[in-house]
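K.L.:
Sequence first, predicted coordinates after that:
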Amino acid sequence: MRLYVMSCGRIRARKKIFVPNTDKHVYLDAPMPVFLISHPEGNVLFDTGPNPEVFSNPEAVWGGLSKAFNPIGDSDCGVVPQLNRIGFTPGDIRYVVNSHLHFDHAGGNRFFPNAIFLVAKKEIKCARSPEFQEKGYFSKDWDLDLNYQPIEEETDLFADGRLVIIPMPGHTLGHQVLLVRLKNSGTIVLTGDCVPCQENFNHRILSGNNLDDQAARNSIENLHDLAVRENAILIHGHDPDQWAELKKAPDFYD
């Protein structure tokens, strides 16, 4: 089994969106990561990045959000070219696990018509709520003729303990993380936006764009417990400093 780490371009945003006690003049060029796990029973993609059309016409794709989250990249930053670079195609993907259905995590769902999508039932309900439309969710990104399999609890994907989807709500109502147990590299937790930067985890700082702060606080505590129990490495959803280090390292493997 192997874990490939990729980024579908970057978003430039005020750091205080992720770490609220930061000066408003500090900006991040944050990665928009996607992850491929090659498992003997099938290839699994965690998140699909943004709709690549956003790089040529941000306002048409993301509307007013493109002012707060400025996309940086080009069409080659999309999830399909990223997969092609490591020798995979959309047809090679058996499962897609969306941490949540926000614009920078599910915008590439359209490219995987043959995959099974594992998304929290609460997340689908949340994404369809008129209250949240164009406040992170765009139905044209994800609400397509795709094979969504809603899940409601912790899910051991291949029933071997190696890939486990764990609910970690707060950022959104159905947010989930993926636990990856590798024999050689150890346990990795793909945290999505539960703790978008390492500071959020280390100092238990709630990000500034959660739908449920109390649930987010509980999830951070649960993530701390998980990290200690598993002696796990956490890969954060939007931390440019960590991303710079990850780019120097080989992929994680058995």
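P.N.:
Perfect, I can see it now.
K.L.:
could I get stretch 245-254 in PDB with only the CA atoms?
P.N.:
Extracted in PDB, the C-alpha atoms of stretch 245-254 (Å, rounded to 0.1, in the frame of the first residue of the first chain):
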ATOM      1  CA  GLU A 245       8.400  19.800   4.000                       C
ATOM      2  CA  LEU A 246       6.100  17.200   2.400                       C
ATOM      3  CA  LYS A 247       7.300  18.100  -1.100                       C
ATOM      4  CA  LYS A 248      10.900  17.300   0.000                       C
ATOM      5  CA  ALA A 249       9.900  13.900   1.200                       C
ATOM      6  CA  PRO A 250       9.100  10.700  -0.700                       C
ATOM      7  CA  ASP A 251       5.600   9.300  -0.600                       C
ATOM      8  CA  PHE A 252       4.500   7.200   2.300                       C
ATOM      9  CA  TYR A 253       4.500   3.400   1.800                       C
ATOM     10  CA  ASP A 254       4.500  -0.100   3.200                       C
END
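K.L.:
which other helices and strands contact the longest helix seen in the chain?
P.N.:
Counting residues, the longest helix in the chain under DSSP state H turns out to be helix 213-230. Judged by 3 or more Cβ pairs under 8 Å, 6 or more residues apart in numbering; DSSP states H and E, helix 213-230 is in contact with strand 176-182, strand 186-190, helix 198-202. No exception for glycine: its C-beta is placed from N, CA and C like everyone else's.
K.L.:
Return the most buried member of those.
P.N.:
Ranked by mean neighbour count under mean count of other Cβ atoms under 10 Å, these are led by strand 176-182, which reaches a mean of 22.
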